[in-house]
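Participant: I'll drop the sequence and a predicted model, then ask my questions.
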Amino acid sequence: MRIVLSDKKGLSLVEVMIALVVLLLVVLALMQTALLSIDANMNNLLRDEAVNIAEQHIIAIRNTPFDSVTATGYVADAPTPETKAFRNFALPGGYAIRRQVTDLGLDNKQVDIEVTWTWKGESYTHIINSILRRPS
């Protein structure tokens, strides 16, 4: 006696394998997108911290007497801060800070603060400047 199934329900092994390959491709694409997003977020966090460091230096210079603002050149290295965004993370080399003071006459000076850091083999720089005026 021979039994013939006329109602063939279910999936064959080939159909299951094709579905798994398609699923794998979708997951790989999503993982790549997530990695790019994480890298972009890290670049933004590092740049934001560089801006904060530069602003802190500008504020310190604005609180310095006008005639004392003369130093030009390398200022210091700033380590990666211990903030929530950088917990358990170390930026190799930290941030390098340079200050450039340019006399614009007897009563004005331009101060440029340059913060440089390296991330994934690329160097990045953020420059912030301010004009100081001799108090009247």
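Facilitator: That came in fine, so what should we check first?
Participant: all contacts plus neighbour counts: C-alpha atoms, from now on.
Facilitator: Will do.
Participant: So what's the gap between the strand or helix carrying Ala34 and the chain middle?
Facilitator: Here Ala34 sits within helix 13-62, counting by DSSP states H and E. Distance of helix 13-62 from its chain centroid, counting by C-alpha atoms, centre = their mean, to the nearest Å, is 11 Å.
Participant: Can you list the helices and strands that it packs against?
Facilitator: strand 108-119, strand 122-133 (3 or more C-alpha pairs under 8 Å, 6 or more residues apart in numbering; DSSP states H and E).
Participant: Quick check: buried residues in the first one?
Facilitator: Along strand 108-119, the positions that meet the burial threshold by neighbour count (16 or more other C-alpha atoms under 10 Å) are Lys109, Gln110, Val111, Asp112, Ile113, Glu114, Val115, Thr116, Trp117, Thr118.
Participant: Just list whatever residues bridge to the last one.
Facilitator: When you say that, I think you mean Thr118. Beta-bridge pairing for Thr118 (DSSP bridges): Ser123.
Participant: Ala96 is in contact with that one, correct?
Facilitator: No - applying C-alpha atoms under 8 Å, one finds Thr118 not in contact with Ala96, separated by 9.5 Å.
Participant: picking up where we left off before, the helix holding Ala34 versus strand 122-133: what angle between them?
Facilitator: Counting by axes from the mean of the first three to the mean of the last three C-alpha atoms, to 10 degrees, helix 13-62 points 30 degrees away from the direction of strand 122-133.
Participant: So what's the residue count around Ala96?
Facilitator: 18 (other C-alpha atoms under 10 Å).
Participant: Need the three-state assignment for it.
Facilitator: strand (DSSP: H, G, I helix; E, B strand; the rest coil).
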